[in-house]
Structures are given as structure tokens and as C-alpha cells.
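Engineer: give me the fold of what follows.
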Amino acid sequence: MDLIHHIKQIVEKILKPERDLYAVETNISQDGNIRLVLDSDNKLSLSECIRIHKRLELQMQQVESSLNYSIEVTSVGIGTPLTLKRQYFKRIGRKLSVTTHDNQTVKGRLNRVDDDHIELLWKTREKKEIGKGKRTVVHQQCVEYDQIFKAKEVV
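Structural biologist: The predicted structure is shown next:
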């Protein structure tokens, strides 16, 4: 069994009792740096990352004591791309930038999420058809998950 697969199994075992925590990314660099990126259905605190780090370090010492490695456990940041459907539910009401596979980029507030797609809302100021001035128009677009190339939260 290769090392990354083994590490992912350890992480899965550690996170199993944690109902709202999940791994977004697990990788190991050529020089032995293990990086685990976590997210949560609720709020992910620094103390939770530290707790998971300690558990992972203990498990790795028991299993892979001969390896020279370092461990980094971190949470997703605002600019981190969303890679799992589960991540969208927590971000309802927040502003996202979504790029589709056909290179169309939509920025809007995440309004709704379901098993097949997400719905974004945004407003624009458009010229009135009759008379002077502009009016505010609300736009809506549904994007299916399989059409999303990259999505991230923006400020």
C-alpha cells in the first residue's frame, strides 16, 4: 500500500467520530510534508485543527515511525476552491465566484444548494427601457455541479 493511501485511511479513521469535520485535501510532498486541509459543516476552530493534528501525529508515530515527515493540519481559507458538494451548504448566503467548464465566470450570492446544482443571485443596474435613469435587476443562474470547473468564496 502506498503512503498517501495509508495516510488517507488514518485520517478517515480519525475523522469518523467527528460528524461535522471532513478532509478536503490530503497530500504528501516529495520531502515528506503531510498536509491535511479540513472543513466543517459548522465552524472549524484552531483548537479542533490542533486536536486532529495531535491524533494524526500519534497515529503516524505508531505506524510509520521510521519515516522522516512533518504534519500540517489547516482549515480551508476564503480563497480556497470548493471541491466537495458538502462545502456549498455551509456557504449559503455568501458571495461566490464560479467558473464553468465553458470558461464562463459568474459572481453572486449563493442562494440555494441541492444534490444536483447551486443557485447564484446577483444584482445589476441597467438602463430603463423608457425614460432616464437606471433600475436594479436581480439575476439568477443555476449551475450544475458537473459544469463547475472552479468555485471559491470571495469577499
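Engineer: what stretches of the protein score poorly on pLDDT?
Structural biologist: Low-confidence segments of the chain (pLDDT under 70): 1, 64-66.
Engineer: buried residues in the helix or strand Glu25 falls within?
Structural biologist: Assigned by DSSP states H and E, Glu25 falls within strand 21-28. In terms of neighbour count (16 or more other C-beta atoms under 10 Å), strand 21-28 has its buried residues at Leu21, Tyr22, Ala23, Val24, Thr26, Ile28. C-beta here means a position set from N, CA and C on the backbone, and glycine is covered the same way.
Engineer: what's the answer for stretch 54-70, then?
Structural biologist: So for stretch 54-70, counting by 16+ other C-beta under 10 Å, buried means Arg55, Leu56, Gln59, Met60.
Engineer: can I get those in CSV with distance to His139?
Structural biologist: Converted to CSV, those look like this (distance: C-beta to C-beta, whole Å):
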residue, distance to His139
Arg55, 46
Leu56, 44
Gln59, 48
Met60, 49
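Engineer: can you lay out these as CSV showing distance to Asp41 and secondary structure?
Structural biologist: Shown next, in CSV, are the buried residues of stretch 54-70 (distance: C-beta to C-beta, whole Å; DSSP: H, G, I helix; E, B strand; the rest coil):
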residue, distance to Asp41, secondary structure
Arg55, 19, helix
Leu56, 20, helix
Gln59, 23, helix
Met60, 26, helix
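Engineer: and these, which is closest to Tyr88?
Structural biologist: Leu56 (26.3 Å; C-beta to C-beta).
Engineer: how close does the closest one get to Ile50?
Structural biologist: 11 Å (C-beta to C-beta, to the nearest Å).
Engineer: what is in contact with those two at once?
Structural biologist: Listed contacts common to Leu56 and Ile50 are Val73; contacts here mean C-beta atoms under 8 Å, 6 or more residues apart in numbering.
Engineer: that older thread, quick check, nearest of the buried residues of strand 21-28 to Phe89?
Structural biologist: Among the buried residues of strand 21-28, and counting by C-beta to C-beta, the member closest to Phe89 is Tyr22, at 11.8 Å.
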